[in-house]
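K.L.:
Sequence plus the predicted model coming up.
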Amino acid sequence: MSSTHWRLFFLTTAVSVGSFSSQGEAQSSGSGVSIPAVTVTAPDTARKKQAQRSAPDQSRRRAATNRPRQPGSAPAPGGAPGGAGLAPTGAPGRGELSSAVTALPAAVTVIDAPAISRLPVTTYGDLFRSLPGFNVSNFGQGAIGYGLSLRGYTEAEHGRDIAYYIDGVPVNEISSLHTPNYADLNILLPETVKSIEIVRGPFSVEYGDSNLGGSVKITTKDTEPFATAGVSGGTQGTIRGVGTYSTTQGAWLPYLAFEGYHTDGYRDNSFIDRYNSFNKVTTTLPDGATVSFRAQAYGTDFGAPGYANRQAIEAGQISERSATNPTDGGNKQLENFVANYSSGAAGQELNGTMFVSHDYFNRYADFGGGQRWQHDDRTMVGGRVSKTWTGAVGDDIGVQVLLGSNWRTDFINAFQAPTTARAVTGAPVVNLGLTETNLAGFGQIQIKPTSWLKLTAGARFDQFIYDIDDRITPGGTPNISNGIASPKVGVAITPVKWLEFFANYGQGFRSIDVPLELIGNPGLQPFEIVSTEGGFQFTFDRFKFLASYWTTDSANEAFQAAPGLPVTFLGKARRDGYDIDARYYLINDPQNAVSAFANFGGVRARVLDSAFAFFVPNVPDYVANVGVDFSVATRNAERLSGTAYVTFIGKKRLTEDGAITTSPFSRVTGKLAYSWPEGWTVFSQATWYPGDRLSEIAVNFADPVTATPADIFVSAQPTLVVMAGLSYRFQTAGISPAPNPTLFTK
């Protein structure tokens, strides 16, 4: 990274952190004009002053400056260990001053480690399938990124329209040769996850690039008072072994995990072999700050069956399990090192992250025109810093300010050429070196003028700097530097403690992909969207209900039939839809928790600039889930837990005129686990497709306007996938209270 980029990053950081260093003092502008001082009262001081007021007024003022809880450490709702809840009980609500994600005026879901342990998880996509608003598809093409989407974006492009972060490290691969902002979370070990925070829509100011359908923040565990060893296996020749080690004693607290995995896959040539090593240590400094360091090594080899013609399968001409090319597949190796820092009391946090990552990826794929080799070798370095201040202006108005910045530089070598049986047979069509830098600053303010009203406003500015070395056409794609602003505003109204109204406005964007979009379109700008949302939530002891309506306008819709194929631009598009999410607690006591849940997301996605077409392709009309999750005590401190749900997915239009579609289909998923106090746990889980198995992944390989049914290719899902396993947990430190689970939607 050039010295100029370093100076810009640290200058942004200094401005962010230093802008409130002179609170309470008179400030002057560069012209010498005096700016009146604003007194910002610390929370403790504000409470002492409020105590002098009358009792009714005191109650109102205290609510206005409610001290926020530390994000990620909210106590769980009532219920037994291993139970589940969709309640925000104990977590900061939308009406509170807090840096917790649940305080945003938006639709938010948070899931923690105990809730994850109850989910049936074969791959990382299963972590999201039962959650509100998600459409999740398994491509069945080996160890490539799943299809994940929110808010009416297509899952066909590997989750590119969601911003993913693990411990503050971005996951989306900018300027990917595979697909723009390609997202591969196969590196994630479910056993290492402490929490997953999901914001639907571009309403979190902390995330910029890819924050279109929403953002996903994953935090890994620091420590546990036990170690585990487990093995599982199932259909399609699947076997998995995983071990973890941690302790809560000592100055340096380790969390270590290792996984070995193999599956033959359902279709021919769809095997996966992988290893994953996760190593993290955490310590507390003398001043109370927490520092952690982690290193990860991940590697995989895989085959890929390709996509088969839907008409030929339905006519019985070919098997749904047959592979297009038996030499398709690839490999990936990733190593990273991450340092995280956190200090300060709740509401006054200072957080920082630094990271370096190396990713080496090869894929050989035949999409009907012959096999091609895609090679991506990238090193990513960067960091982020943020500071929160919470207090009050005078005695009356609670205020919280968040300021921060982030930096990321990717050093990329990308290559694509035709191959036969993985041997290069022709001239490369892509051969470039690229350095791409993203510098950003962001800020947010929350103001609580009354006990029932909170206003939120924020913005971020992202600057992208491209240094392009096109080795096929030197100088053919000029270097560019473009920036984009993303304002956010919102309001939360809480007239009574059990009812919240919220509304927001946010802009989001996706950066330009150099090999797929910028080459040939040198004047292209970042893809920008504008989104609005309004909703409400009821929160009672046993019943929780959320509903919201949203709209999103895209300035220039980018469509890619399949990874590696050309990107076409459809023009302006509008998406609108609604989310409904509900949970009812059948049992919720200190030893047992049983709850039923249902969620529904309806979407309409339209192209606005075309006189002969109306639909954005590959967007299902709806996604819905109905299910139950539970954890109940049986005998002698033994416990039965699990989750079961049915997913319903509406039809997807595969062409802009809507003439070619998939069929609606359903999927049944469940897990049952039994645990003994001695540390043993056995489990079994299954995924069943009772009907159509060709509609989860259906790809139009032709033009989105002129395609015919013969152009539709699919990857069939197996009728039934079954896994079963056994694990043993043993204490490595003094026994700690079992954590309460938290799965709640805001």
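P.N.:
Now that the structure is in, tell me what you want to look at.

K.L.:
so how far is K332 from the closest residue to T238 other than its chain neighbours?
P.N.:
Once flanking residues are discounted, T238 sits nearest to T263: 4.1 Å by C-beta to C-beta, 6 or more residues apart in numbering. All C-beta spots, glycine's among them, are computed from the backbone N, C-alpha and C. Using C-beta to C-beta, to the nearest Å, we find T263 at a distance of 16 Å from K332.

K.L.:
how about the helices in this protein?
P.N.:
Along the chain, the segments classed as helices by DSSP state H run 3-18, 43-50, 55-64, 113-118, 310-314.

K.L.:
Run through the residues that contact G534.
P.N.:
F501, F502, A503, N504, S548, Y549, W550 (C-beta atoms under 8 Å, 6 or more residues apart in numbering).

K.L.:
what pairs with the fifth one across the strands?
P.N.:
So that's S548. Following DSSP bridges, S548 is listed with bridge partners G535, D579.

K.L.:
show me what contacts N138?
P.N.:
Applying C-beta under 8 Å, 6+ apart, the residues contacting N138 are T123, G125, Y146, G147, E696, I697, Q717.

K.L.:
For those residues, give me JSON lines that also has distance to T708.
P.N.:
As requested, those are exported to JSON lines (distance: C-beta to C-beta, whole Å):
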{"residue": "T123", "distance to T708": "33"}
{"residue": "G125", "distance to T708": "31"}
{"residue": "Y146", "distance to T708": "29"}
{"residue": "G147", "distance to T708": "24"}
{"residue": "E696", "distance to T708": "22"}
{"residue": "I697", "distance to T708": "19"}
{"residue": "Q717", "distance to T708": "24"}
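
K.L.:
Out of these, which is nearest to G370?
P.N.:
I697 (21.3 Å; C-beta to C-beta).

K.L.:
In space, what's closest to that closest one - neighbours in sequence excluded?
P.N.:
Take I697 and drop its neighbours on the chain: the residue closest to it by C-beta to C-beta, 6+ apart is S715, 4.2 Å away.

K.L.:
For the one you found, give its distance to D541.
P.N.:
The gap separating S715 from D541 is 45 Å, by C-beta to C-beta.

K.L.:
The two: which is more packed in?
P.N.:
Neighbour tally, S715 and D541, criterion other C-beta atoms under 10 Å: the higher count belongs to S715, 24 against 12.

K.L.:
Just the contacts of G534: which are in strands?
P.N.:
Under the assignment DSSP state E, the contacts of G534 contribute F501, F502, A503, N504, S548, Y549, W550 to strands.

K.L.:
Report the buried members of the residues you listed.
P.N.:
F501, F502, A503, N504, S548, W550 (16 or more other C-beta atoms under 10 Å).

K.L.:
rewinding a little: any chance of the contacts of G534 in CSV, with distance to A229 and pLDDT too?
P.N.:
As requested, these are arranged in CSV below (distance: C-beta to C-beta, whole Å; pLDDT from 0 to 100):
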residue, distance to A229, pLDDT
F501, 49, 98
F502, 45, 98
A503, 49, 98
N504, 46, 98
S548, 43, 97
Y549, 48, 98
W550, 45, 98
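
K.L.:
From those residues, pick the one nearest F361.
P.N.:
Nearest to F361 among those is W550, at 34.2 Å by C-beta to C-beta.

K.L.:
What ranges in the stretch 451-600 of the chain fall below the confidence cut-off?
P.N.:
Flagging of the stretch 451-600 of the chain using pLDDT under 70 yields the residue ranges 561-565.

K.L.:
how about the strands of it, start to end?
P.N.:
For the stretch 451-600 of the chain, the strands defined by DSSP state E, counting those that start in this stretch occupy 453-470, 481-496, 499-510, 527-539, 543-560, 567-588, 593-607.

K.L.:
Now the first one: buried residues?
P.N.:
Within strand 453-470, the residues that qualify as buried are 454, 456-466, 468, 470, counting by 16+ other C-beta under 10 Å.

K.L.:
Name every strand pairing with it and say which way it goes.
P.N.:
strand 430-450 (antiparallel), strand 481-496 (antiparallel).

K.L.:
relative to strand 499-510, how tilted is the shortest one?
P.N.:
Per axes from the mean of the first three to the mean of the last three C-alpha atoms, to 10 degrees, the angle that strand 481-496 makes with strand 499-510 is 170 degrees.

K.L.:
Just the C-alphas of strand 481-496, formatted as PDB.
P.N.:
The C-alpha trace of strand 481-496 is given here as PDB (Å, rounded to 0.1, in the frame of the first residue of the first chain):
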ATOM      1  CA  SER A 481     -10.600   6.700  -8.200                       C
ATOM      2  CA  ASN A 482     -14.200   7.200  -7.200                       C
ATOM      3  CA  GLY A 483     -16.100   7.900  -4.000                       C
ATOM      4  CA  ILE A 484     -19.600   7.400  -2.800                       C
ATOM      5  CA  ALA A 485     -21.600   8.700   0.200                       C
ATOM      6  CA  SER A 486     -24.100   6.600   2.100                       C
ATOM      7  CA  PRO A 487     -26.400   8.500   4.400                       C
ATOM      8  CA  LYS A 488     -28.800   6.800   6.900                       C
ATOM      9  CA  VAL A 489     -31.600   8.200   9.000                       C
ATOM     10  CA  GLY A 490     -34.100   6.600  11.200                       C
ATOM     11  CA  VAL A 491     -36.700   7.100  14.000                       C
ATOM     12  CA  ALA A 492     -37.900   4.800  16.800                       C
ATOM     13  CA  ILE A 493     -41.100   5.500  18.800                       C
ATOM     14  CA  THR A 494     -41.900   3.500  21.900                       C
ATOM     15  CA  PRO A 495     -45.200   4.700  23.300                       C
ATOM     16  CA  VAL A 496     -45.400   1.700  25.700                       C
END
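
K.L.:
chain center to it: distance?
P.N.:
The chain centroid and the centroid of strand 481-496 are separated by 19 Å under C-alpha atoms, centre = their mean, to the nearest Å.

K.L.:
tilt between it and strand 527-539?
P.N.:
Using the same axes, to 10 degrees: strand 481-496 against strand 527-539 is 10 degrees.

K.L.:
For strand 481-496, buried residues please.
P.N.:
I484, S486, K488, G490, V491, A492, I493, T494.

K.L.:
and Y307, how many neighbours does it have?
P.N.:
So Y307, with other C-beta under 10 Å, has 24 neighbours.

K.L.:
can you check T425 too?
P.N.:
T425: 12 neighbours (other C-beta under 10 Å).

K.L.:
Give me the spatial nearest neighbour of it, chain neighbours excluded.
P.N.:
Distances taken as C-beta to C-beta, 6+ apart place P418 nearest to T425, at 5.3 Å, with adjacent residues excluded.

K.L.:
How about the contacts made by that neighbour?
P.N.:
G370, Q371, R372, W373, V424, T425, G426, V429 are the contacts of P418 under C-beta under 8 Å, 6+ apart.

K.L.:
ok, now with 7 Å
P.N.:
G370, R372, T425, G426 (C-beta atoms under 7 Å, 6 or more residues apart in numbering).

K.L.:
List just the nearest of those to D222.
P.N.:
Among the contacts of P418, and counting by C-beta to C-beta, the member closest to D222 is R372, at 43.0 Å.

K.L.:
hey, what's the closest one bridged with?
P.N.:
Taking DSSP bridges as the rule, R372 bridges to A365, P418.

K.L.:
Neighbours of it, how many?
P.N.:
Neighbours around R372, by other C-beta under 10 Å: 21.

K.L.:
thought it was touching F415?
P.N.:
No - R372 is not in contact with F415 according to C-beta atoms under 7 Å; the separation is 10.5 Å.

K.L.:
want to throw the strands paired with strand 453-470 into CSV with distance to D513?
P.N.:
Formatted as CSV, the strands paired with strand 453-470 follow (distance: least, C-beta to C-beta, whole Å):
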stretch, distance to D513
strand 430-450, 10
strand 481-496, 13
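
K.L.:
The ones you listed: which one's closest to V607?
P.N.:
strand 481-496 (22.9 Å).

K.L.:
what's in contact with that closest one?
P.N.:
93-95, 105-106, 203, 205, 208, 452-466, 500-509, 525-526, 528.

K.L.:
Also stretch 285-293?
P.N.:
D222, K280, V281, T282, T283, T284, A339, N340, Y341, S342, S343.
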